[in-house]
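**Student:** sequence and computational prediction follow.
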Amino acid sequence: MSESETPALLGEAHEVTAEDIRALAGASTPHFALQVRNRIRRLIEPLPAEHPARLEGEGKIARLEELAEHSGDPRGTLGIGH
């Protein structure tokens, strides 16, 4: 899975919606959770704090970070070197 976003979602003509965020995060697996998280961050970054898509995105980011902890992938883990 690429961290690149669909150009239509990044264009100024498209306002990011909570549905866009739900569709992006929908069937995330632990293996791709951090990539999806990065895509969501990029989409919600320019939105104001109270925007519904930003609120949805922040919730999904938290869920994806939790999901990534169960991937078996050591990226981002602390205390390596048991």
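**Tutor:** Looks like it arrived, so ask away. Numbering: from 1, shown residues only.

**Student:** average pLDDT for stretch 67-82?
**Tutor:** The pLDDT scores in stretch 67-82 average 61.

**Student:** which SS state does the residue nearest to residue 16 when sequence neighbours are not counted fall under?
**Tutor:** The shortest distance from residue 16 to any non-neighbouring residue, by Cβ to Cβ, 6 or more residues apart in numbering, is to residue 53 (4.6 Å). (C-beta placed from N, C-alpha, C; glycine too.) Secondary structure assignment for residue 53 (DSSP: H, G, I helix; E, B strand; the rest coil): helix.

**Student:** how far away is residue 53 from residue 26?
**Tutor:** 15 Å (Cβ to Cβ, to the nearest Å).

**Student:** which of the two has more residues huddled nearby?
**Tutor:** residue 53 (19 against 9; other Cβ atoms under 10 Å).

**Student:** list the contacts for that one?
**Tutor:** Shown in contact with residue 53 (Cβ atoms under 8 Å, 6 or more residues apart in numbering): 15, 16, 17, 18, 20, 21, 43, 44, 47.

**Student:** buried ones in stretch 61-70?
**Tutor:** Buried residues in stretch 61-70, counting neighbours by 16 or more other Cβ atoms under 10 Å, are found at 61, 64, 67, 68.

**Student:** among the residues you listed, which ones are in helices?
**Tutor:** Of the positions in the buried residues of stretch 61-70, 61, 64, 67, 68 sit in helices, assigned by DSSP state H.

**Student:** good, we can wrap up now.
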